[in-house]
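>>> Show me the folded form of this:
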Amino acid sequence: MDSEFSRAWRGDPVDEELLRRAAAGDPAARDRFARYCYGWVTHWAARMLPPADAEDAVQEVLLQALRDLGQVRSSDYFCHWLHTLTVRICVRLRGRRARCPVESLDGAEGEPLEFPANPATQPETRLLDGLFREQVRHAVHHLSEPYRLTVTLHYFDGLPATEIARRQRVPPATVRTRLFTARQMLQRRLAF
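The predicted structure follows:
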């Protein structure tokens, strides 16, 4: 069975009704639209930017796409429109990073700077954050036991590879290999 993603990737037009309803602000259609676009945008951004910047680009592209969806004149051109938007935002982020190198956020005394919490008042931001968290949880849940446990201990509990190795009674190199392999599996699973 073909997914909407694979049909559109082959050049078939995107569901015109989905685009119309999402552009009109229908929450269910916007949610479906974001899920529909996430794989493409992640794939394209990951090929143009380092992982941390690619994540920023994906969020920015999806928010911009949700705002500008009314500009798409025909579903036949949607894939091209989304790709162009992704490339434009990735190029802008890459240029911004080149002009403004990232420096340490530690204060002069070595204390980390504290920033006020972002209230994330935009509904699109909350929607996309929730979608992404749910997709990651689902993907991690489907990893086999050694990978799932290693990923959970490292990324969710914040343990270093040496501590995970001690707890699992395996060499640290095994933990690093499991993390590497798990990242590849998650990347494939999350890229649709």
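>>> Tell me which residue is most central in the protein.
For the chain, the residue whose C-alpha lies nearest the mean C-alpha position (CA atoms, centre = their mean) is Glu55; its distance is 5.0 Å.
>>> Quick check: the gap between the closest residue to that one other than its chain neighbours and Ala23.
Distance criterion CB to CB, 6 or more residues apart in numbering; nearest residue to Glu55, sequence neighbours excluded, is Ala45 at 7.9 Å. For glycine as for every other residue, the C-beta is placed from the backbone atoms N, C-alpha and C. Separation of Ala45 from Ala23 (CB to CB, to the nearest Å): 23 Å.
>>> if we can go back for a sec, centre of the chain versus the helix or strand hosting the residue nearest to the centre of the chain, how much separation?
Assigned by DSSP states H and E, Glu55 belongs to helix 51-68. Taking CA atoms, centre = their mean, to the nearest Å, the mean C-alpha location of helix 51-68 is offset from the chain mean by 8 Å.
>>> next one: stretch 29-40
The answer for stretch 29-40 is 12 Å, by CA atoms, centre = their mean.
>>> Compare Ala45 and Ala23 (neighbour count), which wins?
Using other CB atoms under 10 Å as the criterion, Ala45 and Ala23 rank with Ala45 on top: 24 against 18.
>>> how about low-confidence regions in the chain?
1-14, 74-75, 96-132, 192 (pLDDT under 70).
>>> Could you list the domains of it?
1-100, 142-192 (automatic domain parsing).
>>> Let's have the ones you listed in TSV, adding distance to Arg133.
What follows is the domains of the chain, written out as TSV (distance: least, CB to CB, whole Å):
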stretch	distance to Arg133
domain 1-100	12
domain 142-192	11
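>>> What are the boundaries of the helices in this structure?
Along the chain, counting by DSSP state H, helices occupy 4-9, 16-23, 27-48, 51-68, 78-99, 123-141, 145-151, 161-168, 172-190.
>>> My read is that Leu69 contacts Leu19, right?
Yes. If you go by CB atoms under 8 Å, Leu69 and Leu19 touch, sitting 6.5 Å apart.
>>> Mutual contacts of the two, please.
Common neighbours of Leu69 and Leu19 (criterion: CB atoms under 8 Å, 6 or more residues apart in numbering): Phe33.
>>> picking up where we left off before, measure the residue nearest to Glu55 to Thr84 for me?
13 Å.
>>> same check, this time on Thr181
Taking CB to CB, one finds Thr181 at 34 Å from Thr84.
>>> same deal with Pro172?
For Pro172, the distance to Thr84 - CB to CB - is 44 Å.
>>> higher neighbour count, the two?
Pro172 (14 against 11).
>>> Can you name the residues that contact the closest residue to the more buried one other than its chain neighbours?
Nearest non-adjacent residue to Pro172, counting by CB to CB, 6+ apart: Ala165, 4.3 Å away. By CB under 8 Å, 6+ apart, the residues touching Ala165 are Pro171, Pro172, Thr174, Val175.
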